[in-house]
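>>> Pasting the sequence and the predicted model now:
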Amino acid sequence: MNAIAGKTAAELEREVSERLADLPDVDVSHIEPHAEGTRVILEGSVDTVFSARKAVLSAETVEGVHDVESHLTLTGARDGASTHH
């Protein structure tokens, strides 16, 4: 077993939140990570599918995270698509 096996859910959630905050072009203010063991569930919303994928990939890079499940919803259209408000 490695040294990170003892991380608590709160520690994983904090580290994932910090990693998400470092994403330069993704609004992560509506993403909430929840840890269950070594699995992290991302809940909330993002603008595009690309932002959701970047959030998942970012969370996967945190030490101690073995699986990331996305429960993110999309709030905007993909680049190039027209949107009517």
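On my side now, so go ahead.

>>> how about low-confidence regions in the protein?
Low-confidence segments of the chain (pLDDT under 70): 1-5, 77-85.

>>> Strands along the protein, start to end?
Secondary structure of the chain (DSSP state E): strands at 31-36, 39-46, 67-74.

>>> in its sheet, what does the last one sit against?
Read that as strand 67-74. Here strand 67-74 is paired, per DSSP bridges, with strand 39-46 (parallel).

>>> coming back round to it: using CSV, lay out the strands of the chain together with distance to Arg19 and mean neighbour count.
(C-beta placed from N, C-alpha, C; glycine too.) Formatted as CSV, those follow (distance: least, CB to CB, whole Å; neighbours: other CB atoms under 10 Å):
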stretch, distance to Arg19, mean neighbour count
strand 31-36, 9, 19
strand 39-46, 10, 19
strand 67-74, 11, 15
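
>>> how about the helices in the chain?
In the chain, the helices defined using DSSP state H lie at 9-21, 49-60.
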